[in-house]
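*Asks:* generate a structure from the sequence data that follows.
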Amino acid sequence: MKFKALSLLTAFLPIAAFAEDKLNSGDTAWMMISVALVFLMTPAGLALFYSGMTRSKNTLNTFAMVTGAFILTMVLWIFAGYSIAFGTASNAMMQNVAGGLGNMMLEGIKWTDLSGSYPTYVFVIFQGTFAAITVAIASGSVIGRMKFSSWLVFVALWGLMVYAPIAHMVWGGEGALLFDEGALDFAGGTVVHMNGGLAGLVLALLVGKRTGYLKTPMKPYSVLLSAAGAALLWFGWYGFNGGSAFGANAVAGLAVLTTTVAAAVGGVTWMLLEWIIFKKPTLLGIASGIVAGLVAVTPAAGFVSAGGAFIIGSFGSIIGFFGVVWLKKKFGYDDSLDAFGIHFLAGLWGAIATGIFALDDKDLLWDGPLKESSDRMQQIFVQCESVLAVGLFTLIGTIVVYFIASAITGGARVNIQTEEIGLDESIHGEKAMNL
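*Replies:* Sure, this is the predicted structure:
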């Protein structure tokens, strides 16, 4: 077999009961809609969310870093990323951590091929949007001080050397390391959010703090932009989580429900925390809480009840809040737009919470000790094992890729003059608004 488009699909979603691969127009339509929804999350949702939080002189650069990451990752995903993540390696040892290169430029995949009940090409693009948003998340940690050229080199290498192997280990099907262990990650708590958030922190530490950090006021350019971005992220998340059911089915409906619950309770929780602690609930705080709730429920969306989503979303927001408000100040790192505080910490909680709150329903779970023997404690252990493995791989891989990118571009940090003028004019020759 030349390719493995979606080996986990036949193991997943037993309620769909695919006796054989046959095109289903409803599933195909839903998956193409999901592609469009997840597409919207990066160059619109995340770009606006991040741009609104940065200083006015770096707004366009922020947008460019997110959009640049998206377009470059999509190109490289077709070139080799998909093959590494979902292809089949030539030997079992390699298959543990990465697929082969047999599907480079989608070689061996025909337009008539199906992944379950919809075209394989749709699955390829759907997964490509996940790869793109993951590396874009990391940009939020180094806004205002990293060279655009260094960033693009980092994006290209990181997507192939870090993201694709992690996606393979978790979602690559039989023979993939964490998939075989029974790790549950419905839509990317480890693969996307932990991965992108931790990469952001590593970059922030390696690039260094912004000049004047904690000494000079660094007010957000537009909270309204960030709020609009959060709304678009929430909207797109229905494709992100709902599409990860790989069809228009009952699991997709469950994922849409739990996504809504976690987002709403996350926003309410952050608002109440600010109200109690600071006496003023901020719009940016509400938006951040919504995103934290969405991040937390991502690995669990198709496995838990509404009650489970309520707990996961609320605690995801609490953890994200203290990551942003307390942890960053305690340790003094400059995570510009809180990619680590919101994405990594809430994603970490969500990944472990999946083992705690996943329903003991054999027709719902795709694999793992909970499905095989109703062993919840073992499932929690596997979730922790997955978190540790992804964290270590991301940490080491990001450090290696950063130094390669830095060497290629003559250092990754802009000079002080460029930083003071702002990256919008210095690098792009533009302003967000010409008033």
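
*Asks:* A164 contacts G87, doesn't it?
*Replies:* No: using Cβ atoms under 8 Å, A164 makes no contact with G87, being 9.6 Å away. Quick note: C-beta positions are derived from backbone N, CA and C, even for glycine.

*Asks:* G173: neighbour count?
*Replies:* 22 (other Cβ atoms under 10 Å).

*Asks:* what about it, which SS state?
*Replies:* State at G173, reduced to three classes by DSSP: H, G, I helix; E, B strand; the rest coil: coil.

*Asks:* what about it, distance to S115?
*Replies:* Applying Cβ to Cβ, to the nearest Å, the value for G173 to S115 is 11 Å.

*Asks:* grab the nearest non-local neighbour of T394.
*Replies:* L198 (4.7 Å; Cβ to Cβ, 6 or more residues apart in numbering).

*Asks:* how close does F303 get to W349?
*Replies:* 15 Å.

*Asks:* more neighbours: these two, which one.
*Replies:* More crowded of F303 and W349, by other Cβ under 10 Å: F303, with 28 against 24.

*Asks:* would you confirm that the more buried one contacts D185?
*Replies:* No: here F303 lies out of contact with D185, judged by Cβ under 8 Å, at a distance of 9.6 Å.

*Asks:* now do the shared contacts for these two.
*Replies:* The contact sets of F303 and D185 overlap at T354 (Cβ atoms under 8 Å, 6 or more residues apart in numbering).

*Asks:* so A131 sits right up against L72, yeah?
*Replies:* No: between A131 and L72 there is no contact under Cβ under 8 Å: 10.6 Å.

*Asks:* now list whatever residues contact both of these two.
*Replies:* Residues touching both A131 and L72 by Cβ under 8 Å, 6+ apart: G159.

*Asks:* which of the two has more neighbours?
*Replies:* A direct count of neighbours by other Cβ under 10 Å for A131 and L72 places A131 higher, at 26 against 18.

*Asks:* any idea which element the more buried one lies in?
*Replies:* helix 120-139 (DSSP states H and E).

*Asks:* buried set for that helix?
*Replies:* 120-139 (16 or more other Cβ atoms under 10 Å).

*Asks:* any regions of this structure where pLDDT drops low?
*Replies:* 1-20 (pLDDT under 70).

*Asks:* let's see that with 80 instead.
*Replies:* 1-21, 435 (pLDDT under 80).

*Asks:* residue ranges for the strands of it, please.
*Replies:* 114-115, 118-119 (DSSP state E).

*Asks:* neighbouring strands of the first one in the sheet, and parallel or not?
*Replies:* To tie it back to what came earlier, the one meant is strand 114-115. strand 118-119 (antiparallel) (DSSP bridges).

*Asks:* and the strand it pairs with, how far from the chain's centre?
*Replies:* Relative to its chain's centre, strand 118-119 lies at 24 Å (Cα atoms, centre = their mean, to the nearest Å).

*Asks:* and the contacts of it?
*Replies:* Residues contacting strand 118-119 (Cβ under 8 Å, 6+ apart): L23, N24, D27, T28, M31, W111, T112, D113, F246, G247.

*Asks:* closest to L178 out of those?
*Replies:* F246 (18.8 Å; Cβ to Cβ).

*Asks:* how close does the residue nearest to A230 when sequence neighbours are not counted get to K280?
*Replies:* Excluding its sequence neighbours, the residue lying closest to A230 (Cβ to Cβ, 6+ apart) is A287, at 3.7 Å. Taking Cβ to Cβ as the measure, A287 falls 15 Å from K280.

*Asks:* what does I286 give?
*Replies:* 12 Å.

*Asks:* between the two, which one's more packed in?
*Replies:* Neighbour tally, I286 and K280, criterion other Cβ under 10 Å: the higher count belongs to I286, 19 against 8.

*Asks:* which residues touch that one?
*Replies:* A227, G267, W270, M271.

*Asks:* and the spatially closest residue to I290 that is not a sequence neighbour, how close does it get to F344?
*Replies:* Once flanking residues are discounted, I290 sits nearest to G267: 4.1 Å by Cβ to Cβ, 6+ apart. Per Cβ to Cβ, G267 is found 20 Å from F344.

*Asks:* again with K329
*Replies:* From K329 to F344 the distance is 17 Å (Cβ to Cβ).

*Asks:* chain center to stretch 193-200: distance?
*Replies:* That offset, for stretch 193-200, works out to 8 Å (Cα atoms, centre = their mean).

*Asks:* list of residues touching it?
*Replies:* 133-142, 158, 162-163, 166, 295, 298, 335, 339-348, 350-351, 387, 390-391, 394-395, 398.

*Asks:* make it 7 Å
*Replies:* 134-135, 137-138, 140-141, 158, 163, 166, 295, 298, 335, 339-340, 343-344, 346-348, 351, 387, 390-391, 394-395, 398 (Cβ atoms under 7 Å, 6 or more residues apart in numbering).
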